[in-house]
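Peer 1: Need the 3D shape of this:
(one chain, ligands or ions: 1)
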Amino acid sequence: MAIRNIRVLGDDILNKKSKYVSEMNDKLKVLINDMLETMYNAAGVGLAAPQVGVLKRVVVIDVTEEGNNPIILINPEITDEQGEQTGNEGCLSVPDKVGKVTRPEYVRIKALDENMQPVEYEGNGLLARAFVHEIEHLDGKLYVDKVEGRLYDVDELKEGDE
Ligand code: NI
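Peer 2: Now for the predicted structure:
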């Protein structure tokens, strides 16, 4: 496994649409493992393949404190969403920034797992937010375009609530 370079805001690849994965192969397995290592190393809760420069519909997510419950998604799609939550969101491609974004409170998704078997997940709160955020990366969308108000520096936010 290896830590990959995370592309940051301003890199054109982050605005491109990723391609559907049609079969699993060794190169993709390496990519998935590297994405997990890269996400954990950066203390992120999710990472999409375009963030490491690969335009394929592959996402990894882990919203647990312990970082021991990875979710691997190939070709993920949202199949249901309900409710609304508004809260701070960040992205490993926008280092040290956060912004307020409204997302569904609940989402259901379908995808393929790392063995190309169909899987479904439901998520509330942070997990729902992560599903939507990461799937949007696959369509070249970044949360910064949906921020209500302005982007804050992480340090600035620690000083107190607005
Ligand atoms: Ni992101």
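Peer 1: make it CA atoms for all contacts and neighbour counts henceforth
Peer 2: Fine.
Peer 1: all strands for the protein, in order.
Peer 2: 46-48, 58-61, 71-82, 85-89, 97-103, 106-112, 118-124, 148-153 (DSSP state E).
Peer 1: what mean pLDDT does stretch 68-85 have?
Peer 2: The pLDDT scores in stretch 68-85 average 97.
Peer 1: One more: stretch 128-142?
Peer 2: Computed over stretch 128-142, the mean pLDDT rounds to 98.
Peer 1: Just the residues contacting that stretch, thanks.
Peer 2: Applying Cα atoms under 8 Å, 6 or more residues apart in numbering, the contact partners of stretch 128-142 are 13-18, 45-51, 55-59, 61, 63, 76-78, 103-107, 109, 122-123, 143.
Peer 1: so which of the strands of the chain is the most packed in?
Peer 2: Between these, the one whose residues have the most neighbours on average, counting mean count of other Cα atoms under 10 Å, is strand 46-48 (a mean of 27).
Peer 1: Note down every partner strand of it and its orientation.
Peer 2: Looking at strand 46-48 with DSSP bridges, its partner strands are strand 58-61 (antiparallel).
Peer 1: chain center to the partner strand, what's the gap?
Peer 2: Distance, stretch centre to chain centre, for strand 58-61: 6 Å (Cα atoms, centre = their mean, to the nearest Å).
Peer 1: Need the CA coordinates for that strand. CSV is fine.
Peer 2: The C-alpha atoms that make up strand 58-61 are tabulated as CSV, following Å, rounded to 0.1, in the frame of the first residue of the first chain:
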residue,chain,number,x,y,z
VAL,A,58,-14.5,4.5,-6.7
VAL,A,59,-15.1,5.8,-3.2
VAL,A,60,-13.9,4.9,0.3
ILE,A,61,-15.6,6.1,3.5
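Peer 1: Could you shift the numbering so residue one becomes 7, and keep it that way?
Peer 2: Right, with 7 as the first residue, what we last looked at is strand 64-67.
Peer 1: And the pLDDT for the residue lying closest to Gly52 once chain neighbours are set aside?
Peer 2: Taking Cα to Cα, 6 or more residues apart in numbering, and ignoring the residues beside it in sequence, Gly52 has Ile67 as its nearest neighbour in space, at 4.1 Å. At Ile67 the predicted local distance difference test score is 98.
Peer 1: before we move on, back to that, go through the strands of the chain and name the closest to Ser28.
Peer 2: Distances from Ser28 to each of these were compared using Cα to Cα; the shortest belongs to strand 77-88, at 9.0 Å.
Peer 1: Pairing partners for that closest one, with directions?
Peer 2: In the sheet containing strand 77-88, the strands it pairs with under DSSP bridges are strand 64-67 (antiparallel), strand 112-118 (antiparallel).
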